[in-house]
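Asks: just need the structure, nothing else, for what follows:
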Amino acid sequence: MKKHLEIIEPTLYVDYTNGEITGKDVLNPIKKLKDLPNIFEDKNAFSEIDGEEIIYEVQAILPVKEGIEGGLFYGKTIINPGKVGDEYYMTKGHFHEKIDRAEFYWELKAKVYCY
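Replies: So this is what the prediction gives:
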């Protein structure tokens, strides 16, 4: 009796030429300036910029629940060019539940803008 190879369709795809993640269960949060009220120091400059301005976008895959030993998450962040006062746009950051957990970052592409 011949065995048949079972083909399993992947649940996600990563295009390593541009970092685009597509598929089931991919998170896609978008952070606008109004979502980051306590990130930038210059409150006057902050109040002068449209709160709907998109500061950064994330795509993330969380295949296991947080806290599971050995769980590996994958994500991509696009930080748009811009400044609030003298500070460039940035993410709000986060803290890990377990301090000894590491992250790995690499840059796929950068656009340089002069202000």
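
Asks: for this protein, which segments count as helices?
Replies: Here the chain has its helices, by DSSP state H, at 43-48.

Asks: if you count residues, which strand in it comes out on top?
Replies: strand 54-61 (DSSP state E).

Asks: list the buried residues of it.
Replies: Within strand 54-61, the residues scored as buried using 16 or more other CB atoms under 10 Å are 55-56, 58-59, 61. In this view, the C-beta of every residue, glycine as well, is placed from N, C-alpha and C.

Asks: same question, stretch 87-97
Replies: So for stretch 87-97, counting by 16+ other CB under 10 Å, buried means Tyr89.

Asks: which outside residues touch it?
Replies: 31, 35-36, 39-42, 55-56, 66-67, 77, 79-83 (CB atoms under 8 Å, 6 or more residues apart in numbering).

Asks: for ChimeraX, what selects the buried ones among those?
Replies: Entered in ChimeraX, the line below selects the buried ones among these, by 16+ other CB under 10 Å:
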select :31,36,39,40,55,56
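
Asks: strands - which of the contacts of stretch 87-97 land there?
Replies: Those of those lying in strands (DSSP E): 31, 55-56, 77, 79, 83.

Asks: low-confidence ranges in the chain?
Replies: 1-10, 104, 106-115 (pLDDT under 70).

Asks: let's see it at 50
Replies: For the chain, no stretch has pLDDT under 50.

Asks: related to what we said a few turns ago, columns distance to Glu87 on top of the buried residues of strand 54-61, output as TSV?
Replies: Formatted as TSV, the buried residues of strand 54-61 follow (distance: CB to CB, whole Å):
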residue	distance to Glu87
Ile55	11
Tyr56	14
Val58	20
Gln59	24
Ile61	30
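
Asks: and the residues you listed, which two are furthest apart?
Replies: Distance extremes for these: the farthest pair is Ile55 and Ile61 at 21.8 Å, using CB to CB.

Asks: can you give me the end-to-end span of stretch 82-93?
Replies: Chord length of stretch 82-93, first to last residue, is 18 Å (CA to CA, to the nearest Å).
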